[in-house]
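> dropping the sequence and predicted coords here.
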Amino acid sequence: MQAQAVVGDDLDLLPHQHLSVSGMQVAFTAGPFLHVIYGIARYSGAKTLVEIGVADGSMSTLLAQVAYLNSGHCWGVDVDAACEIVIRNRLATMKFGPQWTFLFGDSAEVGRRWLHGPIDFLFIDGGHEYKQVVADLQTWLPQLAPNGHVCVHDTHNPDRADVRKATDEFLMESGINWDALYLDYDSGLLMLRRKKRPE
Ligand SMILES: C[S@@+](CC[C@H](N)C(=O)[O-])C[C@H]1O[C@@H](n2cnc3c(N)ncnc32)[C@H](O)[C@@H]1O
């Protein structure tokens, strides 16, 4: 049987500027990891997706599409209320707008009030200062579904060294409970999933 280009077919749902590889660097701050993030979220079947740090909504667009394809929902969290308008305008032309909800506020505060059930896919890309990354890990990881996946952006970015400090410390303290893989290229990505307990 011939392999199907499923990812390519899915990505055709995105607007054109998000499709081209060269355009990706411009459109996505996490551009080089676009397919990694998309692949994990989409093919793990994630239904409850959260993005911490939305900015102009490039990644939100992608995750809203995953939510649409997986019959789920994506929540975007940001301290900047203007994000919502930008992303609403972006999503207005796409059919997966209803799959996305904005949560305004400091991510740790929002995380403490989270009421939408176990999270299947969590993208941490909000405040990049040490305390903020620590707070995001402490607040949001307990909200993860047992088989949920986490991606932390900017773990290999010299301008954002606090992120790596926080994730390294987290792994030193709790790494025994997690499958973890750093992608140490471009700005870097840490992928996390809770270790399966032996039956
Ligand atoms: C690097 S941008 C996010 C980029 C976006 N994830 C993407 O891939 O297109 C970081 C965002 O985090 C937001 N942010 C910073 N500190 C935050 C906090 N404490 N809580 C929530 N959002 C925060 C900023 O307002 C900014 O929009």
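Received the coordinates, thanks. This is a predicted model, so every value here is computed, not measured.
> residue contacts, Leu115?
With contact set as CB atoms under 8 Å, 6 or more residues apart in numbering, Leu115 has no partners. Every C-beta, even on glycine, is put in place using the N, C-alpha and C of the backbone.
> going forward, begin numbering at 765 instead of 1
Let's use 765 as the start, then, which means that last one is Leu879.
> quick check: it vs Leu867, distance?
11 Å (CB to CB, to the nearest Å).
> again, but for Met823
15 Å.
> the more surrounded of those two?
Between Met823 and Leu867, counting by other CB atoms under 10 Å, Met823 is the more crowded of the two (27 against 20).
> helices and strands around the one helix or strand that one maps to, which ones?
Assigned by DSSP states H and E, Met823 belongs to helix 822-833. Packing contacts for helix 822-833, counted by 3 or more CB pairs under 8 Å, 6 or more residues apart in numbering; DSSP states H and E, involve helix 798-807, strand 812-816, strand 837-842, helix 846-856, strand 864-868, strand 883-888.
> and the first one with the ligand, contact?
It refers to helix 798-807. No - Helix 798-807 does not reach the ligand (CB under 6 Å from any ligand atom); its nearest approach is 8.8 Å.
> try the third one
Yes - with CB under 6 Å from any ligand atom as the criterion, the ligand is reached by strand 837-842 at 841-842.
> show residues contacting that strand.
Under the criterion CB under 8 Å, 6+ apart, residues 811-819, 821, 824, 827-828, 830-831, 847-848, 851, 863-869, 871, 874-875, 880, 890 lie in contact with strand 837-842.
> dump that strand to CSV, keeping only the CA atoms.
Provided in CSV are the C-alpha atoms of strand 837-842 (Å, rounded to 0.1, in the frame of the first residue of the first chain):
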residue,chain,number,x,y,z
HIS,A,837,-10.8,22.7,21.3
CYS,A,838,-7.8,25.0,21.7
TRP,A,839,-7.4,27.7,24.4
GLY,A,840,-4.8,30.5,24.0
VAL,A,841,-3.6,32.3,27.1
ASP,A,842,-1.9,35.8,27.0
